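Colleague: sequence and predicted structure below; questions after.
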Amino acid sequence: MLRRGLNIIWTPPHAPTGDNALFKSGMTGHTAGKSTLCRFLRYVLGEHGFAPERARKRIRAKFPDGWVLGEVVLGEVVWAVARPLGVGAHPFCVKGGQISEILAETAERLDYRVFLDALERTTVEPLRARNYPSNDERVAWEHLLPWLSRDQECRFADFLQWRHSTSETESPS
C-alpha cells in the first residue's frame, strides 16, 4: 500500500558475483517490476497505455481478464478506479468507494470519465495559468501527469520533453 507523501519502491540488491545477472532467475533490481508498477499507477491516473506494446501483449496473454485497481483521494473524496488490462472491458470508477467494493461488486459504477473530470477539476482548475503562453493550448491533466510521475523507460531526454516516444505512453510532450 502506498501512503501519502514520498513512497520509495526498491528491491534489495543481490550479492555481486562478477557475472551479468540480468537474465538469470530470481529477482534483481532490474527485474522486480518497479517500472511496471509506475506505469500501472499512471494508467489508473489516466495515461493511455499501461506498457509498451510488446510488454502489453505479454501481460494481456498472462492476464486476459486482469484489471488495475486503485484508490485515489481527490480533495476529501476517495475514488476507487478500475481499468482493464484486456481488450473489450470498460474502465469505471466508484465515487466515495474502496477497492473492496469493486471486488465485491456492491457499489454503483460510474464511467471512468467521471473520475478523469474530477481529477481535472481538482488539479488544473486551481492553476492561475490556464493556457500555455507559447501556443495558447489549454493546460490539461494529461500535461501535468508526466511532470509528476516517473518514466524509467526513457530516462531524461530534454528539459521540455517529459515523455519520450519510445515509452509509448501517448502523453503530450
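Modeller: Structure received. Numbering: from 1, shown residues only.
Colleague: SS state for residue 78?
Modeller: Judged by DSSP: H, G, I helix; E, B strand; the rest coil, the three-state class of residue 78 is strand.
Colleague: which residues touch it?
Modeller: Residue 78 makes contact with 71, 72, 96, 97, 98, according to CB atoms under 8 Å, 6 or more residues apart in numbering. In this view, the C-beta of every residue, glycine as well, is placed from N, C-alpha and C.
Colleague: bridged to it, which residues?
Modeller: residue 73 (DSSP bridges).
Colleague: what's the distance between it and residue 115?
Modeller: Counting by CB to CB, to the nearest Å, the gap from residue 78 to residue 115 is 11 Å.
Colleague: one more: residue 122?
Modeller: Counting by CB to CB - residue 122 and residue 115 are separated by 10 Å.
Colleague: could you do residue 82 as well?
Modeller: When distance is defined by CB to CB, residue 82 is 10 Å away from residue 115.
Colleague: ok, which stretches of the chain are strands?
Modeller: When assigned using DSSP state E, the strands of the chain occupy the ranges 67-74, 77-84, 92-95, 110-111.
Colleague: format those strands as JSON lines; extra columns: mean pLDDT and distance to residue 146.
Modeller: JSON lines is the format used below for these (pLDDT from 0 to 100; distance: least, CB to CB, whole Å):
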{"stretch": "strand 67-74", "mean pLDDT": "95", "distance to residue 146": "17"}
{"stretch": "strand 77-84", "mean pLDDT": "97", "distance to residue 146": "18"}
{"stretch": "strand 92-95", "mean pLDDT": "97", "distance to residue 146": "22"}
{"stretch": "strand 110-111", "mean pLDDT": "98", "distance to residue 146": "24"}
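Colleague: for residue 143, find the nearest of those strands.
Modeller: The closest of the strands of the chain to residue 143 is strand 67-74. By CB to CB, the value is 17.5 Å.
Colleague: pLDDT score for the spatially most central residue of the chain?
Modeller: The centroid of the chain falls nearest to residue 42 when counting by CA atoms, centre = their mean (1.3 Å). On pLDDT, residue 42 comes in at 93.
Colleague: not counting its neighbours along the chain, what's nearest it?
Modeller: Spatial nearest neighbour of residue 42, excluding adjacent residues (CB to CB, 6 or more residues apart in numbering): residue 149 at 5.3 Å.
Colleague: just to revisit the earlier point, which one's more surrounded, residue 122 and residue 115?
Modeller: Ranked by neighbour count (other CB atoms under 10 Å), residue 122 and residue 115 place residue 115 first, with 25 against 15.
Colleague: who is the nearest residue to the more buried one once chain neighbours are set aside paired with across the strands?
Modeller: Excluding its sequence neighbours, the residue lying closest to residue 115 (CB to CB, 6+ apart) is residue 93, at 3.8 Å. Beta-bridge partners recorded for residue 93 (DSSP bridges): residue 81, residue 110.
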